[in-house]
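S.K.: fold the stuff below for me.
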Amino acid sequence: MRKRFTIITIVAFLASSLFAQNHTTVYGNLGVENVNISVINTQYGTSTDAKGHYELLIYHNGKETALHFSCIGYHDTIVMLKPKQLQHDSLNLSFTMQKMDYEIQEVSITASNDFYRSGTARNIADIAFIDGKILLLENMSKKSSLIVLDTFGIKESRKKLDNFYEQIYIDAFNDIILVGQDSCLQVWVNADKDILPVSTFSREYYREKMLRILCEFNGAYIIKNEVHDRGVYYLKHNHGKTQSFSYILKEDPDKKPRPLCHFLDTVGYQACQSQWARIQAEYHQYTQEKECVDVIYDGVWDGYMVALAETSKLTALIQAYCHFEAKNYHIAMLKFDDYIQFIDLDMLNIIEIDRNFNTSQRRKLKVLSGEKYFKNQFFTDEASGKTYGLFVKDGINYLGLYNPEKGTVSMGGKAGKSIYPRVFKVYGGYAYSVYFNSGMGYGIISRVRIE
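M.R.: Below you'll find the predicted structure:
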């Protein structure tokens, strides 16, 4: 069921102020505790106290402002505030939240003992599942081992690897790829459980070719379109605030990418663009005063930000842009039998793609419980087809069942040790939590049954 919104427009007459204020205190009583109030498309927000009271300072620039009110058990409400209404020092906004009826699907977790322990001084870097086998990537200093376990955690084989690899990746063709700091290794598991290297290729090739293919769907490859940054101190493509997806039909001889959907964090993009404009202005002023070459105007600049750091002020502006404002957009893709969902995990919106590659309107992802602890991750169990959202509260992992039709995810039972895991995976009705016991010096997999 699609979520309904209640739209409230404030129509009370407000006298004109002698001068415009640049901020307004909005306050009121909603009669409900723990209502989340946020300014849409910003990071500003608050919540109601035990008596339903709240107070929120809103900064504005003469444009219409939207407030989003949400609470477990109540319909979401959006309030539109006109510029004239924000010309006063304060504004009383009180109303009654509308209750909604729904059933929260909780996840039952059954605890178990440690599933597997690595050898001394071995860290379990990653875990993957393929053809009923459990594959572990165990790392020691400057060398790695790939281990095959059965479903009971019994080791069947171990293959020593010459290079250091940090991640297991199973691509759209079900091939096992080990990703290292500089290179990648494709391996093959034969009938005798031996792990045989197939080919070695560069990490850049992996990023540009292999990683872009997310899955196969209805005779096409789903592609993640991404311009990979050459380094931290390079100018970001769209300032790291955009992500788009396309598909390529297998039978298309031209292999032409066709657009699916596009995500752009407008507020984040504008903030980064503003910072970049300040950097350019400061750099242009410096080159004019010193009468030296302006590499941006001359068209010889390669995007390396440090090359513009001619003054301490420029250095500070560039560092702020690279480290604090240019962040990657966080999108989760979930594949189902008849459709694909792209979930914007920053704005909590959902876009669906059907088998004809038609794109739906955006709708809201609703977290029914544990909003403060949702870790913006989803795991689909290939055995059961169910999808779970991962929560972390006080260092403990929780799994909540995701309903793709309603677009809801609820917080369920504990699903791991009381420590943040190195890796967390869901497969075959179990949740696997991987961490490193620094005191004893070995990696541990804790497995719990999901019922």
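S.K.: just how off-centre is stretch 67-74 within its chain?
M.R.: Computed by CA atoms, centre = their mean, to the nearest Å, the separation of stretch 67-74 from the middle of its chain amounts to 22 Å.
S.K.: only the buried residues of it, if you could.
M.R.: Buried residues in stretch 67-74, counted by 16 or more other CB atoms under 10 Å: 67-72, 74. All C-beta spots, glycine's among them, are computed from the backbone N, C-alpha and C.
S.K.: stretch 246-256 now?
M.R.: For stretch 246-256, by 16+ other CB under 10 Å, it's 246-249.
S.K.: can you check stretch 296-312 too?
M.R.: Buried residues in stretch 296-312, defined by neighbour count with 16+ other CB under 10 Å: 305, 308-309.
S.K.: domain-wise, how is this structure divided?
M.R.: Domain assignment for the chain, taken from automatic domain parsing, gives 5-92, 109-265+329-450, 266-325.
S.K.: in a strand, Leu196, correct?
M.R.: Yes: assessed with DSSP: H, G, I helix; E, B strand; the rest coil, Leu196 lies in a strand.
S.K.: once you drop chain neighbours, what's closest to it?
M.R.: Trp188 (5.0 Å; CB to CB, 6 or more residues apart in numbering).
S.K.: off-centre distance for the strand or helix carrying the one you found?
M.R.: If you go by DSSP states H and E, Trp188 is part of strand 183-189. Here the centre of strand 183-189 is set off from its chain's centre by 27 Å, with CA atoms, centre = their mean.
S.K.: that one pairs with which strands?
M.R.: Looking at strand 183-189 with DSSP bridges, its partner strands are strand 176-180 (antiparallel), strand 195-202 (antiparallel).
S.K.: please save the CA atoms from it in CSV.
M.R.: Coordinates of the C-alpha atoms in strand 183-189 are reproduced here as CSV (Å, rounded to 0.1, in the frame of the first residue of the first chain):
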residue,chain,number,x,y,z
SER,A,183,45.1,-5.8,-8.8
CYS,A,184,42.3,-8.3,-9.0
LEU,A,185,42.3,-12.1,-9.3
GLN,A,186,39.6,-14.2,-10.8
VAL,A,187,39.4,-17.7,-9.4
TRP,A,188,37.5,-20.9,-10.1
VAL,A,189,36.4,-23.6,-7.7
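S.K.: and that strand, what's buried?
M.R.: Within strand 183-189, the residues scored as buried using 16+ other CB under 10 Å are 183-187, 189.
S.K.: same question, stretch 442-451
M.R.: Under 16+ other CB under 10 Å, the buried positions of stretch 442-451 are 442-448, 450.
S.K.: next one: stretch 201-208
M.R.: Tyr206.
S.K.: what is the end-to-end distance of that stretch?
M.R.: Taking CA to CA, to the nearest Å, stretch 201-208 runs 12 Å from one end to the other.
S.K.: again, but for stretch 149-157
M.R.: End-to-end distance of stretch 149-157 (CA to CA): 7 Å.
S.K.: next: stretch 345-362.
M.R.: Stretch 345-362: ends 13 Å apart by CA to CA.
S.K.: repeat that for stretch 360-372.
M.R.: Terminal residues of stretch 360-372 are spaced 28 Å apart (CA to CA).
S.K.: partners of the helix or strand Ser244 falls within in the sheet?
M.R.: Per DSSP H and E, Ser244 falls inside strand 242-249. Strand 242-249 has the following sheet partners, assigned by DSSP bridges: strand 220-225 (antiparallel), strand 258-264 (antiparallel).
S.K.: the last one: what's the following helix or strand?
M.R.: Right, the one you point to is strand 258-264. helix 266-290.
S.K.: what comes into contact with the helix or strand that that following helix is followed by?
M.R.: Using DSSP H and E, the next helix or strand after helix 266-290 towards the C-terminus is helix 295-298. Contacts with helix 295-298, where a contact means CB atoms under 8 Å, 6 or more residues apart in numbering, come from 280, 283-284, 287, 301, 307-308.
S.K.: who are the neighbours in contact with Pro257?
M.R.: With contact taken as CB under 8 Å, 6+ apart, Pro257 is in contact with 223, 225, 246-248.
S.K.: export the residues you listed as CSV, with columns for distance to Asp114 and pLDDT.
M.R.: Compiled in CSV, the contacts of Pro257 are given as follows (distance: CB to CB, whole Å; pLDDT from 0 to 100):
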residue, distance to Asp114, pLDDT
Ile223, 40, 93
Asn225, 41, 82
Ser246, 43, 95
Tyr247, 42, 96
Ile248, 44, 95
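S.K.: got those residues as TSV, with distance to Ile109 columns?
M.R.: Converted to TSV, these look like this (distance: CB to CB, whole Å):
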residue	distance to Ile109
Ile223	36
Asn225	38
Ser246	38
Tyr247	37
Ile248	40
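S.K.: just name the closest of the residues you listed to Leu30, please.
M.R.: Asn225 (42.2 Å; CB to CB).
S.K.: so that closest one bridges to which residues?
M.R.: Ser244.
S.K.: and for it, the neighbour number?
M.R.: For Asn225, the count of nearby residues is 14 (other CB atoms under 10 Å).
S.K.: could you shift the numbering so residue one becomes 37, and keep it that way?
M.R.: Noted, 37 is the first residue going forward, which turns the last one into Asn261.
S.K.: thought Leu426 was touching Tyr409?
M.R.: No: the pair Leu426 / Tyr409 is not scored as a contact, 9.5 Å apart, by CB atoms under 8 Å.
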